[in-house]
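In: have a look; sequence and predicted model below, questions after that.
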Amino acid sequence: MTYKQTIEYLYSRLPVFHRIGSAALKPGLGNTQALLKVVGNPEVKFNSIHIAGTNGKGSTSHYLAAILQCAGYKTGLYTSPHVKDFRERIRLNGQMISKAYVVKFVEEELPKFKGIDASFFELTVAMAFKYFADKKVDVAVIETGLGGRLDSTNVIIPHLSVITNIGYDHTDLLGDTLAKIAVEKAGIIKPNVPVVIGETHTETKAVFIDTAKRNNTPIVFADKEYTVAGSTNFAQAKPGLKVSVKNKTGQVKNYTSELTGQYQQKNIATVLAAVDALRKQGYIIPDSAIKKGLANVVALTGFVGRWQIINKRPLAIADTGHNYDGIKQTMAQLKQLNKGHLHIVFGVVADKDLAKVLPLLPRNATYYFCKANVPRAMDEKLLHETATAAGLKGLPYPTPRKAYNAAKKCCPKRSYIRWRQHLYSRRNYLTKKFTICLDE
């Protein structure tokens, strides 16, 4: 098979969460363990760092991978979902897994999996872990897909566990309170394996402390270790987030992040606490590696979609916030731009809680409601009706492309922001997409 045929085969044969939602999930870790056994239990053949969280886990994963690369470690990186190419999920020192490896894995290993009713995600985890073992990585940064306790990646015994934060997302699967969601995320905490918690929250703090105690696990809350403050300068040749970091002893260090979102300040604190924990285990990570990794994370890892400046004149920004907390943070930063009237292309998947999300969006904007080309997408007419009832003004469009083109016609060439939300994709289709045009 060709690479294209291989990916089409996987999509058609296996249930995929980003296309059909919770129906694609397989409860428990049994399938993943069975797949890994068939391919020789690669998960025990490489060192790893395990990262979970409602928001920030993707940024934190890429930051850590970039820093480890700069420190001289042969670094694997597993994340999900992908934006354009399936291979984005599996990287080695920033380079995507080869098409040839993907095709070979499917052709040689898939026939051995008969009798295992695996999902797309479970098969991908098996492929990633075998790839990292075959390539003899020094360490692999592994991002969970959904939750933690029952996530397919939760078969590893890492050197470090990281939980970035807890927010409301996938409440139908993880629980309807922050404490319940925290229990699921805390499922990645392993006996005697240090854990870093990114944000302290009154509703979740006890969950993490209790879980750590039961597992005899050292625990650190990153926001108690580091205070981060910074700002983004869009005018400079290479826009970046400049931050000043103060530790508990009052020592201050300055960094520049290639990821420009203000919310990255929280992730940077988490990353620095994680680096401290790794250093205690013998990892040699000089300060120069931290500076270089933060400043070049996109170039080093291929990371995209987090308040990403994709054009300067007109200013165009892409961000993948896809739940209440993520959208709230993105809207807060958007407000700081203070550029004038907004034209927003907006689409959602049907299982998102619009009652919480819609109030976050500005009322004084023009909206272009669309349906993404995935089975989970909410019908644009239903979305339009729901949003109109919530006080938003706009019109429905059958595709993101048509909505985007309509929005562009309403904007001066020199001033629009494009914001794509929840970017992932078969054939470059977007599950959710925002296009924001600003009239000056």
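Out: Here it is on my side, so go on. Numbers count the residues shown, from 1 in each chain.
In: helix/strand/coil for Ile309?
Out: Recorded secondary structure, Ile309: strand (DSSP: H, G, I helix; E, B strand; the rest coil).
In: how much space separates it from Leu337?
Out: In this structure, Ile309 and Leu337 are 12 Å apart, going by C-beta to C-beta, to the nearest Å. All C-beta spots, glycine's among them, are computed from the backbone N, C-alpha and C.
In: with Gly72 instead?
Out: Counting by C-beta to C-beta, the separation of Gly72 from Leu337 is 39 Å.
In: which of these two has more residues huddled nearby?
Out: Looking at Gly72 and Leu337 with other C-beta atoms under 10 Å, you find the greater number of neighbours at Leu337, namely 15 against 12.
In: tell me where the stretch 201-350 of the chain is predicted with low confidence.
Out: 233-237, 310-311, 313-316, 338-339 (pLDDT under 70).
In: ok, now with 90
Out: Scanning the stretch 201-350 of the chain for pLDDT under 90 picks out 230-240, 260-263, 304-350.
In: quick one, helices of it?
Out: Secondary structure of the stretch 201-350 of the chain by DSSP state H, counting those that start in this stretch: the helices cover 205-214, 222-225, 264-280, 287-295, 297-301, 324-337.
In: among the ones you listed, which is nearest Gly30?
Out: helix 205-214 (22.7 Å; C-beta to C-beta).
In: any buried residues in that closest one, and which?
Out: Within helix 205-214, the residues that count as buried by 16 or more other C-beta atoms under 10 Å are 205, 207-208, 211-212.
In: looking at those residues, spot the one nearest Met127.
Out: Sorting the buried residues of helix 205-214 by how near they are to Met127, with C-beta to C-beta, puts Thr211 at the top with 30.0 Å.
In: test my guess that that closest one contacts Lys185.
Out: No - counting by C-beta atoms under 8 Å, Thr211 does not reach Lys185; the two are 9.6 Å apart.
In: reformat the buried residues of helix 205-214 as a markdown table; add distance to Ala289.
Out: As requested, those are arranged in a markdown table below (distance: C-beta to C-beta, whole Å):
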| residue | distance to Ala289 |
| --- | --- |
| Lys205 | 31 |
| Val207 | 33 |
| Phe208 | 28 |
| Thr211 | 31 |
| Ala212 | 28 |
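In: kindly export the strand or helix carrying Ile49 (C-alpha atoms) in PDB.
Out: Assigning secondary structure by DSSP states H and E places Ile49 in strand 48-52. What follows is strand 48-52, C-alpha atoms only, in PDB (Å, rounded to 0.1, in the frame of the first residue of the first chain):
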ATOM      1  CA  SER A  48       9.500   8.300  29.300                       C
ATOM      2  CA  ILE A  49       7.700  11.400  30.700                       C
ATOM      3  CA  HIS A  50       3.900  11.200  30.900                       C
ATOM      4  CA  ILE A  51       1.800  14.400  30.500                       C
ATOM      5  CA  ALA A  52      -1.900  14.900  31.200                       C
END
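In: how about residues contacting it?
Out: For strand 48-52, the surrounding residues in contact (C-beta atoms under 8 Å, 6 or more residues apart in numbering) are 57, 60-61, 64, 139-144, 147-148, 151, 153-154, 156-164, 185, 188, 274, 278.
In: just name the most buried of the helices of the stretch 201-350 of the chain.
Out: Across the helices of the stretch 201-350 of the chain, the average number of neighbours (mean count of other C-beta atoms under 10 Å) peaks for helix 264-280, which reaches a mean of 23.
In: what about Gln333, distance to Val304?
Out: For Gln333, the distance to Val304 - C-beta to C-beta - is 17 Å.
In: could you check how many residues crowd around Gly394?
Out: In terms of burial, Gly394 registers 22 neighbours under the definition other C-beta under 10 Å.
In: which SS state does the residue most central in space within the chain fall under?
Out: Per C-alpha atoms, centre = their mean, the C-alpha nearest to the average position across the chain is that of Gly58, at 3.3 Å. Under the three-state scheme (three-state DSSP), Gly58 adopts helix.
In: isn't it right next to Arg306, touching?
Out: Yes - contact status for Gly58 versus Arg306: in contact at 7.2 Å, counting by C-beta under 8 Å.
In: residues contacting Leu392?
Out: The contact partners of Leu392, by C-beta under 8 Å, 6+ apart, come to 358, 361, 363, 365, 367.
In: 10 Å instead, please
Out: The neighbourhood of Leu392, defined by C-beta atoms under 10 Å, 6 or more residues apart in numbering, consists of 344, 346, 358-359, 361-363, 365-367, 369, 383-384, 386.
In: among the residues you listed, name the ones in helices.
Out: Taking DSSP state H as the definition of helices, these contribute 383-384, 386.
In: among those residues, which one has the most neighbours?
Out: For the ones in helices among the contacts of Leu392, neighbours were counted by other C-beta under 10 Å; the highest total belongs to Leu383, with 24 neighbours.
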